[in-house]
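Asks: I'd like to go over a predicted model; first the sequence, then the structure.
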Amino acid sequence: MKKLLSFTILILFVLSSNILLAQCQDFTEQKVLPQLQDFLPTGRYHSFTMKEGDEILIFKSLMPQIQYKFVIGADKSLPDKIIFIIKDWDNNVIYDNRFQKFSKTFIYHPKKPMRVKIYIKVPKINNPPHSGCVALVIGMKKVQ
């Protein structure tokens, strides 16, 4: 009986995780991806279920002949002011949206090939903390 109960709980957990992942993917495709406008998606986007207080780190390689557009989005259950910081490999800040009124987009044209670190943090405001989908999409446009 214990094995059956454990198996049932495991199945319910897997199903609920898949449902959350699908909801987050739909949110990204419907709400965040269109904000790239005339930039082409890089072919990969990042969507996560996060709760207040969580942070993530994403690595990305950038090329000088490309202009990039970074767009973040969060569903309405999370605080409006998502922190979004881009640093070079030596931890020099390239962009910090806290100094740009928590802007959700950033366009950047690197002068040389580089790897960047992208930090996204959901501030903790509510107790208990709320959770929801956070997405990052990156678009590109060839520089003339």
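Replies: Structure received. Because the structure is predicted, anything quoted here is derived from the model rather than measured.
Asks: This structure: strands as residue ranges?
Replies: In the chain, the segments counted as strands under DSSP state E are 40-51, 55-62, 66-74, 83-88, 93-96, 105-108, 114-121, 131-142.
Asks: and the last one, what does it pack onto?
Replies: For strand 131-142, the contact count by 3 or more C-beta pairs under 8 Å, 6 or more residues apart in numbering; DSSP states H and E identifies helix 2-27, strand 40-51, strand 55-62, strand 66-74, strand 114-121 as packing neighbours. Where you see a C-beta, it was placed from the backbone N, CA and C, and this is true even at glycine.
Asks: which stretch in the ones you listed has the least confidence?
Replies: The weakest mean pLDDT among the helices and strands packed on strand 131-142 belongs to helix 2-27, with a mean of 51.
Asks: Enumerate every residue touching the closest residue to residue 55 other than its chain neighbours.
Replies: In space, and not counting its chain neighbours, residue 55 is closest to residue 121: 3.9 Å by C-beta to C-beta, 6 or more residues apart in numbering. Contact partners of residue 121, counting by C-beta atoms under 8 Å, 6 or more residues apart in numbering, are 54-56, 82-83.
Asks: Kindly report the same for residue 103.
Replies: Residue 103 neighbours (C-beta under 8 Å, 6+ apart): 84, 97.
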